[in-house]
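*Asks:* got a structure for you, letters missing:
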């Protein structure tokens, strides 16, 4: 197996990977640098932009290793034209995010913030609490990719009636008891809705004003995808009625003024983007990232995206 | 169908049941009172003590309806001797409690209290969070009654390896993939342990010093049963090592000084006893309570406990 001459790390630093991973990576290269040099033949990247200019600045470049799932930051076509292979890390956080969705739902259903507060104060009466169950409720999944499907499975474990809408029907998933329905029906009739579409031109504003207005009273909507998929103005209007709950975890990618406005609604719960940060996901991510590197050198690239 | 002459309500008041339930109950009696009278033939009770003296004070008593699962407050033998039928309300909160167990686990695994706090402050970086998954972990259930079994099923939905210990082997449960093991093994090797034994002489102190010392480092123990089952002194000693997490929700039944001492450990999470308070459980409870009453009058008592 050949080695790289020089790996340049961009978009993250030493703390981005554990020592074990660096030790393995060092076996696959003669040099590892954090400042650009002309003779770089392998580039590591995370969320930073890799455009034509950057690709052109490394004439010996053969491989770009992305320590992320998203590939929108890289000019994949141009890399291909220049015979640069780009590999990403998909699916490493599926379980982490799916369990996170239920953490958010159950925190809300069981009023845990208030429960902890009263217990801290020594009030163990339990007075004034009424919780709510998932069992038997209608649970709609929008977007049945890896994460959407895993959320569906766990919801089935809780005894929910799970339906999904996705761009394409998924026969395999339907064999496990998942029911397909139109997005309009799903939105109109679900008690819980979990959004798992990728942010693309097609899904932008997928929760538009009409759909938001048609949400069932009492519905709980969880969005651990990008907020570009939601019409924020229509959401605020509906939240002001007080008859739905909206939970999301990507305030970091939004306009600050919109986050501030949403934060004023007691029925809008905002979390930091920590769905994917489980210890297990970190291990998965590095294992895939390192094996992508090794497999490329062996001539059998894995998770190639261009 | 005959009717009762006079129902006396003790242990709860009008707010203990919804209007619909009271309306139904009124169809089964000629009188409904909240202060004792001699000619009472039906007694409602909740957690209040019904001893020989009270039973003797109502010579016409035929039926005691318990608006609770526990029957330890009633002298069942004496009631039987006096030909008084006692019926309770079992299983009404199975789902409520089982979902509560996962609410508590996930709140801890995903650091939700801190997550909400940083988000409130406008910090959406997600820095400093590392969560943990249920998938693939060993999940031990102690006591495989209704609730224990339901917790086991949901844990399977999360992809945990679920084992149980119970006084008796449960063939039906084992056919669903649950594995039986000795309580010592279960405690020594589980990542999660959920306690679902009823508080009896046999289960008192079931988590004794030896067992608490044998808990796996990193284990998370959830007790939504009574704390009589746990050796508090040994628990405190183990908590002080900082290598386990203990979560419980019945501080109300404990000595205040013990709760105060436990509350000082950051790895001991205390909640009020609200596992059983779902809206659905309230509906189930009243439905069973009222149908018990009706079935007794029809000569076919249900949920008879003596």
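*Replies:* Looks like it came in fine. Not measured: the values here are computed from a predicted model.

*Asks:* Which parts of the stretch 101-250 of chain A are strands?
*Replies:* A:138-142, A:161-165, A:179-180, A:192-195, A:220-223, A:245-248 (DSSP state E, counting those that start in this stretch).

*Asks:* Relative to residue A:135, how far out is the residue in chain A that chain B sits nearest to?
*Replies:* For chain A, the residue closest to chain B is residue A:157, as judged by C-beta to the nearest C-beta, at 1.6 Å. Heads up, the C-betas are built off the backbone N, CA and C, glycines and all. Here the distance between residue A:157 and residue A:135 works out to 10 Å (C-beta to C-beta, to the nearest Å).

*Asks:* so residue A:43 is in which element?
*Replies:* In this assignment (DSSP states H and E), residue A:43 forms part of strand A:42-45.

*Asks:* and that strand, what does it pack onto?
*Replies:* strand A:7-9, strand A:63-66 (3 or more C-beta pairs under 8 Å, 6 or more residues apart in numbering or on different chains; DSSP states H and E).

*Asks:* deepest of the ones you listed, which one?
*Replies:* strand A:63-66 (a mean of 24; mean count of other C-beta atoms under 10 Å in any protein chain shown).

*Asks:* And the next helix or strand after that strand, what does it pack against?
*Replies:* For strand A:63-66, the succeeding helix or strand toward the C-terminus, using DSSP H and E, is helix A:76-81. On a contact count with 3+ C-beta pairs under 8 Å, 6+ apart, helix A:76-81 meets helix A:52-56, strand A:85-87.

*Asks:* and the first one, what's its mean pLDDT?
*Replies:* The average of the pLDDT scores along helix A:52-56 is 96.

*Asks:* Also stretch A:124-133?
*Replies:* In this model, stretch A:124-133 has an average pLDDT of 95.

*Asks:* For it, list every residue counted as buried.
*Replies:* A:124, A:126, A:129, A:131-133 (16 or more other C-beta atoms under 10 Å in any protein chain shown).

*Asks:* near chain B too, which of the residues you listed?
*Replies:* Under the cut-off given by C-beta under 8 Å from any C-beta of the partner chain, chain B has A:124, A:126, A:129, A:131-133 from the buried residues of stretch A:124-133 close to it.

*Asks:* picking that back up, export the helices and strands packed on strand A:42-45 to JSON lines and tack on mean pLDDT and distance to chain B?
*Replies:* Below are the helices and strands packed on strand A:42-45 laid out as JSON lines (pLDDT from 0 to 100; distance: least, C-beta to the nearest C-beta, whole Å):
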{"stretch": "strand A:7-9", "mean pLDDT": "97", "distance to chain B": "20"}
{"stretch": "strand A:63-66", "mean pLDDT": "98", "distance to chain B": "19"}
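
*Asks:* Kindly reformat these as CSV containing distance to residue A:185.
*Replies:* Formatted as CSV, these follow (distance: least, C-beta to C-beta, whole Å):
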stretch, distance to residue A:185
strand A:7-9, 48
strand A:63-66, 37
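
*Asks:* surely residue A:119 meets residue B:268?
*Replies:* No: Residue A:119 is beyond contact range of residue B:268, at 11.2 Å (criterion: C-beta atoms under 8 Å).

*Asks:* thinking again about what came up before, touching, the residue of chain A closest to chain B and residue B:152? I think so.
*Replies:* No: Residue A:157 is beyond contact range of residue B:152, at 10.6 Å (criterion: C-beta under 8 Å).

*Asks:* For the two, work out which one has more neighbours and name it.
*Replies:* residue B:152 (26 against 18; other C-beta atoms under 10 Å in any protein chain shown).

*Asks:* dump the residue contacts of that one.
*Replies:* Contacts for residue B:152 (C-beta atoms under 8 Å, 6 or more residues apart in numbering or on different chains) come out as B:139, B:141, B:144, B:162, B:164, B:173, B:178.

*Asks:* can you do 7 Å?
*Replies:* B:141, B:144, B:162, B:164, B:178 (C-beta atoms under 7 Å, 6 or more residues apart in numbering or on different chains).

*Asks:* And the nearest residue to the second one once chain neighbours are set aside, how far from residue B:105?
*Replies:* Right, residue B:144. Ranked by C-beta to C-beta, 6 or more residues apart in numbering or on different chains and with sequence neighbours excluded, the top spatial neighbour of residue B:144 is residue B:166, at 4.0 Å. From residue B:166 over to residue B:105 the distance is 20 Å, taken as C-beta to C-beta.
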